[in-house]
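J.: any chance you could fold what I've pasted below:
(one chain, ligands or ions: 1)
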Amino acid sequence: MMMNDCFYCENGDKLKSLMIEVCKLDYSTVYLNRDQKHKGRCIVMFKDHKTEYFQLTPEENKGYFGELAKVAQAVWNLYQPDKINYATFGDGVPHVHVHVVPKYEGGLQWGEAFHDDVDKVLLPEEEYKEMVEELRKEILG
Ligand SMILES: [Zn+2]
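T.: Numbering: from 1, shown residues only. Just a heads-up that it's a prediction; the model follows:
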């Protein structure tokens, strides 16, 4: 796959229509998912265009997954889910990224794999802005 076929690398309108940048860390960039049907859903994208975890060096793996855990902790602290789901698919967009999806007992898709085949929940821009701010603070400490 060419780098310019990847909307994560491209960092253009397509990406911005789906997510909002929260912050950049050493090994990753954190995004807030615009579809908030799972309150607090974020994406943690590896900094370079690699498509499989085994293509990362051991140091990159350690750094990336450490940051992923840190983001999950921030989501946990802020939105108090009962479990966080972590998902990597990437058939269509193979750039290494993990969906951090908070699940709430008795709530949407509790007890099953989360999926996007239901209506999106989009928020007013002001609410995204607040979430981005609180996530940034919680992640960067
Ligand atoms: Zn890419």
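
J.: torsion angles phi and psi at the residue nearest the centre of the chain?
T.: The centroid of the chain falls nearest to residue 43 when counting by C-alpha atoms, centre = their mean (0.8 Å). Torsion angles at residue 43 (phi, psi; degrees, to the nearest 10) stand at phi -130, psi 130.

J.: in contact with it, which residues?
T.: 19, 30-31, 33, 97-100 (C-beta atoms under 8 Å, 6 or more residues apart in numbering). C-beta: built from backbone N, CA, C; applies to glycine.

J.: at 6 Å instead, please
T.: Neighbouring residues of residue 43 by C-beta atoms under 6 Å, 6 or more residues apart in numbering: 19, 31, 33, 97, 99.

J.: neighbour-wise, which of the residues you listed leads?
T.: The residue in the contacts of residue 43 with the most neighbours, by other C-beta atoms under 10 Å, is residue 31 (26 neighbours).

J.: partners of the residue nearest to the centre of the chain in the sheet?
T.: Per DSSP bridges, the residues bridged to residue 43 are residue 31, residue 99.

J.: could we number from 133 for the rest of this?
T.: All right, first residue 133 from here; so that's residue 175.

J.: quickly note the distance from it to residue 225.
T.: 11 Å (C-beta to C-beta, to the nearest Å).

J.: do the same with residue 271
T.: 23 Å.

J.: more neighbours: which of these two?
T.: Using other C-beta under 10 Å, the more surrounded residue of residue 271 and residue 225 is residue 271, with 20 against 17.

J.: so the more buried one lies in a strand, does it not?
T.: No. With DSSP: H, G, I helix; E, B strand; the rest coil as the criterion, residue 271 is helix rather than part of a strand.

J.: ignoring the adjacent residues along the chain, who's closest to it?
T.: Spatial nearest neighbour of residue 271, excluding adjacent residues (C-beta to C-beta, 6 or more residues apart in numbering): residue 206 at 4.6 Å.
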